[in-house]
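# below are the sequence and a predicted model; questions follow.
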Amino acid sequence: MTTATRISAADATVTVISTTDIVTDWAARYFGDWWNATSVTPESICTGPIVSAEVDPDRYAHMATKLAADPHEETVYAKSATLLAKDDAGSIRAVSPGENLAYLSEPDSERLTITGCDAEAVAVATARLAREAVRGVLLRSGWTLLHASAVVRDGRAVLTFGSKGSGKTTTALLLAKRKGWELLANDRIFVRPDNTGGVQVLPWPSAAALGLGLLDALGLYDVVRHRMNAGEKLHPTQDQRVTEALVDGSRTPLWSPSGKELKAQIFPDQFSAWFGLDLATRGRAAMLLFPSMFPVALPALADEERALAEEDFMSGATEDRYPDIFRLARVDGGGRAEDRTRVSGLLAELPHHSIILGHDTNAAADFLGKLTDTAWPSDPHGRSA
């Protein structure tokens with residue numbers, strides 16, 4: 001029986017359909033807490049992009065054999081070697097042999113078909129590309145994608161910026177653990193000016209990458225280990241070495257040979273189910289924070305203020321894992337230049353704070369609470385959130 005999950009975020013509506021329940025259930029789980037994901041009947045689908053996914057080894061083998069025999073190019077998508085071919089009608093065929101996944105994208109009709117051999121692999125790929133389809137609709141309707149974490153209180157959002165290791169995620173999670181706050185996003189957000197001169201914020205659902213040291217510092221490590229030892233699972237993209245460390249109770253950060261930290265991969269719904277954090281579905285930008293982490297530092301305001309910079313915006317160039325090979329976005333991966341310019345000007349009007357945090361999370365949480373409680377900004381346009 002064919003089932004369908006409709007995913008809606010602001011202006012975007014994308015539908016996932018499949019005869020394999022795990023595929024549509026996975027989409028409902030992955031997007032349900034941050035975007036609106038609901039079960040619908042296939043007969044009710046009349047508009048919007050469609051991602052159709054099937055588990056069919058024979059069909060996959062046929063598509064893989066045919067593409068390998070036809071003229072094609074080679075690329076990398078989702079860290080997997082991928083064969084890619086385009087025809088004169090604009091259709092795009094692709095095969096990732098390492099994942100046993102085949103794709104047919106028809107951009108003009110906004111339809112993408114995924115075929116594979118393993119149900120979980122098909123479900124993961126389907127959610128990933130359904131999210132890319134949503135991204136495309138949002139970007140084409142004026143939204144911009146920022147590299148930021150975000151938390152919300154009373155509908156007003158604090159946006160946290162910084163490169164890897166700066167404390168962006170730490171800041172957001174410490175605030176999200178406080179009463180009255182909700183986590184809006186861990187690493188990326190959509191922003192767009194509204195008709196009152198403010199900036200609306202939407203989440204980007206994704207698995208959150210949290211290092212073992214950070215889990216321990218935030219008091220979340222034991223929760224994760226207990227859940228995993230009880231048979232629950234984290235996201236399947238998690239490195240097996242991280243899984244083994246959590247099961248064994250090792251809290252020592254893990255690193256790959258290339259020097260990249262290996263992290264736990266937390267499903268979006270596990271923030272609430274495992275950690276008891278409330279999740280927000282949208283907010284209105286009210287404050288920008290720019291943290292820097294120094295192990296023995298006392299939390300404080302930094303002497304040198306930082307403003308929003310080019311590196312805080314996502315772009316096609318930064319999407320090295322998920323380039324738009326299926327033409328789902330059809331604009332730059334972070335949004336159109338004119339939309340970025342407009343939202344940059346509005347965000348520049350909001351209060352900015354460059355802050356220093358240390359590894360004492362209790363002290364950092366107290367500092368952040370006082371900063372946001374005592375300096376919670378009034379709307380620069382004199383309007384309520």
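Done, it's in.
# which parts of the stretch 201-350 of the chain are helices?
Applying DSSP state H, counting those that start in this stretch to the stretch 201-350 of the chain gives helices spanning 212-217, 221-229, 240-248, 270-273, 337-348.
# give me the residues contacting stretch 114-124.
With CB atoms under 8 Å, 6 or more residues apart in numbering as the test, stretch 114-124 has contacts from 18, 20, 22-23, 25-27, 51-57, 59-60, 63, 99-104, 125-126, 129, 236-237. To be clear about C-beta, it is placed using only N, CA and C from the backbone, and glycine gets the same treatment.
# so for it, first residue to last residue, what's the gap.
11 Å (CA to CA, to the nearest Å).
# so what's the gap between that stretch and the chain middle?
Centroid separation for stretch 114-124 versus its chain: 20 Å, with CA atoms, centre = their mean, to the nearest Å.
# which other helices and strands contact the longest strand anywhere in the chain?
The longest strand of the chain (DSSP state E) is strand 283-293. Judged by 3 or more CB pairs under 8 Å, 6 or more residues apart in numbering; DSSP states H and E, strand 283-293 is in contact with strand 156-161, helix 168-176, strand 199-203, helix 337-348, strand 352-357.
# got any ranges where the stretch 251-385 of the chain has weak pLDDT?
317-320, 374-385 (pLDDT under 70).
# that one: strands as residue ranges?
With DSSP state E, counting those that start in this stretch as the criterion, the stretch 251-385 of the chain has strands at 254-255, 261-262, 264-266, 283-293, 300-301, 352-357.
# nearest to Trp274, out of the ones you listed?
strand 264-266 (7.7 Å; CB to CB).
# any buried residues in stretch 135-155, and which?
For stretch 135-155, the neighbour count (16 or more other CB atoms under 10 Å) marks 135-140, 142-153 as buried.
# same check on stretch 155-166?
156-162, 166.
# again, but for stretch 2-16
3-10, 12-16.
# let me see the contact set for the residue nearest the centre of the chain.
Nearest to the mean C-alpha position of the chain, counting by CA atoms, centre = their mean, stands Ser206 at 3.3 Å. Each residue near Ser206 by CB under 8 Å, 6+ apart is listed here: 131, 186-188, 268.
# ok, Trp26 next?
Trp26 makes contact with 123-124, 126-127 under the criterion CB under 8 Å, 6+ apart.
# doesn't it belong to a strand?
No. Under DSSP: H, G, I helix; E, B strand; the rest coil, Trp26 sits outside any strand and is assigned helix.
# mind checking how far it is from Thr20?
Applying CB to CB, to the nearest Å, the value for Trp26 to Thr20 is 10 Å.
# that older thread, quick one: which of the strands of the stretch 251-385 of the chain is nearest Arg192?
strand 283-293 (10.3 Å).
# just to revisit the earlier point, pipe the helices of the stretch 201-350 of the chain into a markdown table and attach mean neighbour count per row.
Listed next are those as a markdown table, based on neighbours: other CB atoms under 10 Å:
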| stretch | mean neighbour count |
| --- | --- |
| helix 212-217 | 19 |
| helix 221-229 | 16 |
| helix 240-248 | 14 |
| helix 270-273 | 18 |
| helix 337-348 | 16 |
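# follow-up on the earlier one: now, which of the buried residues of stretch 2-16 lie within helices?
Among the buried residues of stretch 2-16, no member falls in helices (criterion: DSSP state H).
# got JSON lines for those residues, with distance to Arg192 and pLDDT too?
Converted to JSON lines, the buried residues of stretch 2-16 look like this (distance: CB to CB, whole Å; pLDDT from 0 to 100):
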{"residue": "Thr3", "distance to Arg192": "32", "pLDDT": "94"}
{"residue": "Ala4", "distance to Arg192": "28", "pLDDT": "96"}
{"residue": "Thr5", "distance to Arg192": "25", "pLDDT": "96"}
{"residue": "Arg6", "distance to Arg192": "22", "pLDDT": "96"}
{"residue": "Ile7", "distance to Arg192": "18", "pLDDT": "96"}
{"residue": "Ser8", "distance to Arg192": "16", "pLDDT": "95"}
{"residue": "Ala9", "distance to Arg192": "12", "pLDDT": "96"}
{"residue": "Ala10", "distance to Arg192": "8", "pLDDT": "94"}
{"residue": "Ala12", "distance to Arg192": "12", "pLDDT": "95"}
{"residue": "Thr13", "distance to Arg192": "17", "pLDDT": "95"}
{"residue": "Val14", "distance to Arg192": "18", "pLDDT": "96"}
{"residue": "Thr15", "distance to Arg192": "23", "pLDDT": "97"}
{"residue": "Val16", "distance to Arg192": "24", "pLDDT": "97"}
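# could you work out the most separated pair of the residues you listed?
Farthest pair in the buried residues of stretch 2-16 (CB to CB) is Thr3 and Ala10. Separation: 24.6 Å.
# the closest residue to Ala364 other than its chain neighbours and Ala245: what is the separation?
Nearest non-adjacent residue to Ala364, counting by CB to CB, 6 or more residues apart in numbering: Leu357, 4.6 Å away. Distance, Leu357 to Ala245, by CB to CB: 25 Å.
# just want the angle from the lengthiest helix in the chain to helix 337-348.
When the chain is parsed with DSSP H, its longest helix is helix 119-140. Angle of helix 119-140 versus helix 337-348, following axes from the mean of the first three to the mean of the last three CA atoms, to 10 degrees, is 80 degrees.
# quick one: buried residues of helix 119-140?
Those would be 119, 121-140, for helix 119-140 by 16+ other CB under 10 Å.
# what residues are up against Glu73?
Neighbours of Glu73 in contact, by CB under 8 Å, 6+ apart: 83-85.
# select from those residues every entry located in strands.
Those of these lying in strands (DSSP E): 83-85.
# go through these and name the one nearest Trp181.
So of those, ranked by how close each gets to Trp181 (CB to CB), first place is Leu84, at 43.5 Å.
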